[in-house]
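J.: let me see the structure of the following:
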Amino acid sequence: MTQLMGRPILSLPDDLGTRSPLADLLVGARTALLALSVIAVPVLGLWVLTPYGDITARGALRLSCALWLLGHGAPLGRGAGAPFTLTPLLLTAVSLGLLRRAGARAGARTPRSAGAWRAALPVGVGYLAVAALAVAECSGPEAVLRAEPAADLFAVAAVTVTGLAWGHCAAHGVPRRALPAAVTARLRAWTPALPAAVTARLRAWTPALPAAVTARLRAWTPADWAPPQDAAAALRRAAGSWLLGLLAAGGLLLTTAIALGTAGRSAAGLADGPAGVLGLLLGCTLLLPNAVLWAAAYALGPGFAVGTGTAVSPADTHLGAVPEFPLLTLVPTGTPGTAGQAVLATLPLLAGVVPALLLGRAASGRGTDRPWHPAGTAAVAFAAVLAVSAAAAVAAWISGGALGSGRMSALGPGPWQAAVTAAGWSGAVVPPGALLARWILARSGAEPRPATTPAGWARHRAARLRRTLHHLVTRLADLSRTR
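T.: All right, here's what the predicted structure looks like:
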């Protein structure tokens, strides 16, 4: 009896070493309740600290459920049909992290096979069961933020599938399925024709080039243009490092604004007692990732909107009446000077240095003795540009929303503006930087002996410069990869 009581209830294995679907169902419900407790505990604590408030305990719990649904991107309604869709991304990150952990544990118990994902199905059902209860609690007429059942359950299901799939891929790896034979045959029949036509056109266009250049162009084959086998990992590292660099730029701008701004004095003036200060602090904490993404959009150039007909960017800023909230007091009311714009322009450029070094290091064949072709390096670099452009659009979309109808129906950066500017900044730095880093790392070798002639001395100095740049680029790439 003592051994049975000491075992975790949700982790009882049977004789075969597997778990029943009921246990996985309870794991999903527990995961949802853990994510809900992240917001329910501070909200109920604030309710306890406010004994003379009009809200009841059930009202505080209902507000916690509404905020939890908002953390999944679920649209809510406020007042007479006014939309409330601003997602607190901190709750989204917590929910995704817990779902990833549950998905990884469910996937680790099953062998890698075509049906391994079925182990996570009861976990998702248990999570959605708690979401259905939260939607039912927020659907009454007495709710301050009313739920839209169909849209809210769909949003929670999307986040659930994303988190569990992330955990499943962490346990079993990303599944790779081969293309159908008809598609691969069609690609093989079509692919060689384009480079052949291009090289033939180049032969007709370049009769005046040196013989070595034309011989090099004629020697190129379609295989030279194809990305290498290990390009996917390098592409993921490059795109991820660029996004992290841009987030670091946004965090730097937000930290500077908090240090120099009046957010603290604004919170003290708006709050009514310690409970009010803690409530404003909780709201600002939940929206802190949103503020970082808005600051990153400001560093990119397109900026963001604080209501319809407004714009906050380094080039142009025009605002109307802004709601009284501490984070909104950090919004700049004017455009920076020439020096400020120059500093802002360097942030996205610096963010592109690390992915360029990572791609250049991978393309030089360091560690594999198999360097990439320059055309393949450029193809992977432009694929990374497209990846960061799509990621910037998604980040801008999820960080914005609405706080009501009318003027406050548009908040946050525009997705397509963020995508275009991210593609422009990364395209200006990553492809040429990757090709330059590849050339430096590939050309570095044994240092030639100095010669007495001026030409030999120049070659000697050039080799020493290449060797110095090689050590610098290698060191920076190793440090960025380690971090």
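J.: can you get me a residue count around residue 120?
T.: 28 (other CB atoms under 10 Å). For the C-beta atoms, the positions are set from N, CA and C on the backbone; glycine is no exception.
J.: assign it to helix, strand or coil.
T.: Judged by DSSP: H, G, I helix; E, B strand; the rest coil, the three-state class of residue 120 is helix.
J.: repeat for residue 141
T.: Taking three-state DSSP, the label given to residue 141 is coil.
J.: give me phi/psi at it?
T.: The phi and psi values for residue 141, taken as degrees, to the nearest 10, are phi -70, psi -20.
J.: where does the protein have low pLDDT?
T.: Scanning the chain for pLDDT under 70 picks out 1-19, 51-53, 111-116, 173-230, 262-271, 366-369, 444-483.
J.: break it down into its structural domains.
T.: Using automatic domain parsing, the domain ranges for the chain come out as 2-172, 233-443.
J.: and these, which is most packed in?
T.: Comparing these by mean neighbour count (mean count of other CB atoms under 10 Å), domain 233-443 ranks first with a mean of 19.
J.: can you give me every residue that contacts residue 392?
T.: Counting by CB atoms under 8 Å, 6 or more residues apart in numbering, residue 392 makes contact with 243, 246, 300, 418, 419, 421, 422.
J.: name the element the fifth one belongs to?
T.: Secondary structure assigned from DSSP states H and E places residue 419 in helix 415-443.
J.: excluding chain neighbours, what is closest to residue 285?
T.: Nearest-residue entry for residue 285: residue 90, 6.6 Å, with adjacent residues in sequence omitted and distances by CB to CB, 6 or more residues apart in numbering.
J.: can you tell me the SS state at that neighbour?
T.: Under three-state DSSP, residue 90 falls in the helix class.
J.: pull the distance from stretch 243-260 to the chain's centre.
T.: 15 Å (CA atoms, centre = their mean, to the nearest Å).
J.: alpha carbons of that stretch, as CSV, please.
T.: Extracted C-alpha coordinates of stretch 243-260, given in CSV (Å, rounded to 0.1, in the frame of the first residue of the first chain):
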residue,chain,number,x,y,z
LEU,A,243,15.4,36.5,-35.6
LEU,A,244,17.2,36.3,-32.2
GLY,A,245,19.4,39.2,-33.2
LEU,A,246,16.3,41.3,-34.2
LEU,A,247,14.6,40.4,-30.9
ALA,A,248,17.7,41.5,-29.0
ALA,A,249,17.5,44.8,-30.9
GLY,A,250,13.9,45.2,-29.9
GLY,A,251,14.7,44.3,-26.3
LEU,A,252,17.5,46.8,-26.2
LEU,A,253,15.2,49.6,-27.5
LEU,A,254,12.5,48.6,-25.0
THR,A,255,14.9,48.5,-22.1
THR,A,256,16.2,51.9,-23.0
ALA,A,257,12.7,53.3,-23.2
ILE,A,258,11.8,51.9,-19.8
ALA,A,259,15.0,53.3,-18.3
LEU,A,260,14.4,56.8,-19.8
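J.: not counting its own residues, what contacts that stretch?
T.: Residues outside stretch 243-260 that contact it (CB under 8 Å, 6+ apart) are 291-300, 330, 332, 347-348, 350-355, 388, 391-392, 395, 422.
J.: now stretch 76-86
T.: 66, 69-70, 75, 138, 144-148, 152, 287, 290, 400-405, 409, 411-412.
J.: ok, 10 Å please
T.: Contacts made with stretch 76-86 from outside it, assessed by CB atoms under 10 Å, 6 or more residues apart in numbering, are listed as 66-67, 69-70, 73-75, 138, 143-148, 151-152, 155, 286-287, 290, 399-406, 408-409, 411-412.
J.: what of stretch 234-241?
T.: The contact list for stretch 234-241 (CB under 10 Å, 6+ apart) reads 174, 227-228, 351-363, 372, 377, 379-381, 383-391, 426, 430, 434, 480-481, 483.
J.: give me that answer again for 8 Å
T.: Applying CB under 8 Å, 6+ apart, the contact partners of stretch 234-241 are 354-356, 358-359, 362-363, 380-381, 383-384, 387-388, 391, 430, 434, 480-481.
J.: now do stretch 319-337
T.: Taking CB under 8 Å, 6+ apart as the rule, stretch 319-337 contacts 254, 257-258, 261-264, 266-267, 270, 280, 283-284, 287, 291, 306-307, 309-310, 312-317, 341, 344, 403, 407-408.
J.: could you list which of those residues belong to strands?
T.: Mapping the contacts of stretch 319-337 onto strands (DSSP state E) picks out 306, 312, 317.
J.: beta partners for the last one?
T.: Using DSSP bridges, the beta-bridge partners of residue 317 come out as residue 312.
J.: so who does it touch?
T.: If you count contacts by CB under 8 Å, 6+ apart, residue 317 has them with 303, 311, 332, 333, 334, 335.
J.: mind putting the residues you listed into CSV with secondary structure and distance to residue 134?
T.: Listed next are the contacts of residue 317 as CSV, based on DSSP: H, G, I helix; E, B strand; the rest coil; distance: CB to CB, whole Å:
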residue, secondary structure, distance to residue 134
303, coil, 35
311, strand, 36
332, coil, 37
333, coil, 39
334, coil, 43
335, coil, 43
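J.: turn the residues you listed into a markdown table, including distance to residue 237.
T.: Below are those laid out as a markdown table (distance: CB to CB, whole Å):
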| residue | distance to residue 237 |
| --- | --- |
| 303 | 29 |
| 311 | 34 |
| 332 | 34 |
| 333 | 39 |
| 334 | 39 |
| 335 | 36 |
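J.: ok, the residues you listed vs residue 44, which is closest?
T.: residue 332 (36.5 Å; CB to CB).
J.: pull the contacting residues for the residue nearest to residue 231 when sequence neighbours are not counted.
T.: Nearest residue to residue 231, sequence neighbours excluded (CB to CB, 6+ apart): residue 380, at 4.8 Å. Neighbouring residues of residue 380 by CB under 8 Å, 6+ apart: 227, 231, 234, 235, 238, 359, 363, 372, 434.
J.: try it again at 7 Å.
T.: Residue 380 makes contact with 227, 231, 234, 235, 359 under the criterion CB atoms under 7 Å, 6 or more residues apart in numbering.
J.: now, which of those lie within helices?
T.: Counting by DSSP state H, those place 231, 234, 235, 359 in helices.
J.: now the strands for the stretch 1-150 of the chain?
T.: Secondary structure of the stretch 1-150 of the chain (DSSP state E, counting those that start in this stretch): strands at 76-78, 82-84, 145-147.
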